[in-house]
Every structure is written in C-alpha cells, then in structure tokens.
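[1] sequence unknown, structure follows:
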C-alpha cells in the first residue's frame, strides 16, 4: 500500500486538529481508543466473512474514519460499501432468476 487511496492522504491532519480542538486531547485519546477497538473487531469480522451486513459494517467504518480524519481508509470503505450494496442486489436478482429456472426445470 502506498499510503493513499484514491488520491487521499492516510490522515487529514486538519480534521484531527479540529477534533482535538473541539473535544480536547484527553477525550480525543478516548475516542481513538474506542475507534481502534471497535474497528479491530469489525475488520476482523469482515476479513473472516462473518459480517451479517457487510455494507452496514463498511458504512460504520467509513463514518468513524471520516470523524478522525482517516481519509484513505474512509475512501476505501466508501468504495467497498458501494460494491457490497451492488453485489447484494445482483445476488438477490440472480438468485430469484435461478430459483424460477429451477422450479421450471423441475416441473417439466
């Protein structure tokens, strides 16, 4: 990985500084700790294929990453979320067509 996703830097330092100014350094540390803990769990679940709703998990990761200024990670999550949603629709449509074809083949 070259440190950028879709031309985005890994960290938007302005956003991080803005958040630090808004909530203070101590609270920022707590927010980061919570983010890392939750994100570790979600990424592990996604990587293992155990996510009940991958698009929702990716949406969560995207929003959390944007809040902390993790621009490249957020951009990747956004793209993956869109693919997951599209893949789910295609999967459902293909399943319906396959199910109908199977019923038709069995009734012939």
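    Sure, I can see it. This one's a predicted model, so the numbers in the text were calculated from it and none came from an experiment.
[2] this structure: strands as residue ranges?
    4-5, 8-9 (DSSP state E).
[3] lowest average pLDDT across those strands?
    Mean pLDDT across the strands of the chain is lowest at strand 4-5; the value there is a mean of 56.
[4] state the distance from residue 51 to residue 43.
    10 Å (CB to CB, to the nearest Å). Yep, even glycine has a C-beta here, placed from its N, CA and C like the rest.
[5] looking at the two, which is more packed in?
    Between residue 51 and residue 43, counted using other CB atoms under 10 Å, residue 51 has the larger neighbour count: 17 against 13.
[6] who are the contact partners of residue 58?
    Applying CB atoms under 8 Å, 6 or more residues apart in numbering, one finds that residue 58 lies in contact with 46, 77, 78, 80, 81, 84.
[7] tell me the pLDDT at it?
    pLDDT, residue 58: 96.
[8] buried set for stretch 46-53?
    Going by neighbour count (16 or more other CB atoms under 10 Å), the buried part of stretch 46-53 is 46, 51.
[9] and that stretch, end to end?
    End-to-end span of stretch 46-53 (CA to CA, to the nearest Å): 9 Å.
[10] need the pLDDT of residue 86.
    Per-residue confidence (pLDDT) for residue 86: 84.
[11] tell me how many other residues crowd it.
    The tally of other residues near residue 86 (other CB under 10 Å) stands at 11.
[12] and if you look at residue 44?
    11.
[13] for residue 14, see how far away it is.
    With distances taken as CB to CB, residue 44 is found 30 Å from residue 14.
[14] before we move on, what about residue 82?
    Distance, residue 82 to residue 14, by CB to CB: 26 Å.
[15] next: residue 24.
    17 Å.
[16] return the distance of stretch 57-69 from the chain's centre.
    From the chain centre to the centre of stretch 57-69 is a distance of 7 Å (CA atoms, centre = their mean, to the nearest Å).
[17] going forward, count from 20.
    Yep, numbering from 20; the last one is stretch 76-88 now.
[18] does residue 81 touch residue 96 like I think?
    Yes: between residue 81 and residue 96 there is a contact under CB atoms under 8 Å: 3.8 Å.
[19] the more surrounded of these two?
    Using other CB under 10 Å as the criterion, residue 81 and residue 96 rank with residue 96 on top: 24 against 20.
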